[in-house]
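Q: Structure for this input, please:
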Amino acid sequence: MPAMKKLVFATNNQHKTEEIRLALAGKYEVLNLDDIGCLTDIPETADTFEGNATLKSSYVVEHFNLDCFADDSGLEVEALNNEPGVYSARYSGSRDSLENIQLVLTKLEGEENRKARFKTVISLMQEGKNHIFEGIIEGTIRTELSGSKGFGYDPIFQPDGYDITFAEMDMSVKNKISHRAIALKKMMAFLKGEL
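A: Model (predicted):
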């Protein structure tokens, strides 16, 4: 029997890795950055989600010669010209989620249009080709924080069709409807269809 193809997920997040391992069990051996000994903090210097995801996946291909996928995500607020966008994790100048949230709320004070969306872009580098998968979930920004689950902007993001924020939602529900889940489903369908 031929050895299973290796696929690297450019993350150190064990929880995320486990999720993908289960989804691709029997088809791919899924490894993360830790597993391959990649200790570098891969720079995310592009000005698009697609650019950052591609920087990460191509870094692994270049340095470790293994197929790889990476994602980049963020919040886009319509009234703020789609800010924070690629700068979501450090919008306030720090990586402090509460400071980032506060800045969004301050900038939206008195603003009636509170439409926003979370977006994930996955770059899958496989056999020298870059495949891009995108996931988007639309919603609105609440005027105050609500809920303690999740991370990042989850306490102020209410997805369309729900009356609670991502941070009030059970993780199993969020993981089915989130922007990352949508992008991952597209990638999984592609990988499974390929075999």
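
Q: What is the least confident helix or strand in the protein?
A: helix 14-23 (a mean of 83; mean pLDDT, DSSP states H and E).

Q: Please identify which helix or strand holds Asn175.
A: Using DSSP states H and E, Asn175 falls within helix 171-177.

Q: what's the answer for Lys6, then?
A: strand 5-9.

Q: Could you check that strand and say which residues are buried?
A: 7-9 (16 or more other Cβ atoms under 10 Å). For every residue, glycine as well, the C-beta is placed using N, CA and C.

Q: TSV please, covering those and showing pLDDT.
A: Converted to TSV, the buried residues of strand 5-9 look like this (pLDDT from 0 to 100):
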residue	pLDDT
Leu7	95
Val8	97
Phe9	96
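
Q: Report the buried residues of the least confident helix or strand of the chain.
A: 17, 19-21, 23.

Q: what about Tyr153, how many residues close to it?
A: By the criterion of other Cβ atoms under 10 Å, Tyr153 has 24 neighbours.

Q: Give me the pLDDT value at the closest residue to it other than its chain neighbours.
A: Nearest non-adjacent residue to Tyr153, counting by Cβ to Cβ, 6 or more residues apart in numbering: Leu75, 4.8 Å away. Leu75 is assigned 98 on the pLDDT scale.

Q: which helices and strands does the helix or strand hosting Leu75 pack with?
A: Per DSSP H and E: Leu75 is located in strand 68-77. If you count contacts as 3 or more Cβ pairs under 8 Å, 6 or more residues apart in numbering; DSSP states H and E, strand 68-77 packs onto strand 5-9, helix 49-64, strand 83-84, strand 115-126, helix 179-194.

Q: Mind doing that once more with 10 Å?
A: Applying 3 or more Cβ pairs under 10 Å, 6 or more residues apart in numbering; DSSP states H and E, we find strand 68-77 packed against strand 5-9, helix 49-64, strand 83-84, helix 97-107, strand 115-126, strand 129-141, helix 179-194.

Q: Can you list the low-confidence ranges for the chain?
A: For the chain, the stretches with pLDDT under 70 are 1-2, 194-195.

Q: Can you tell me the centre-most residue of it?
A: The centroid of the chain falls nearest to Ser73 when counting by Cα atoms, centre = their mean (3.9 Å).
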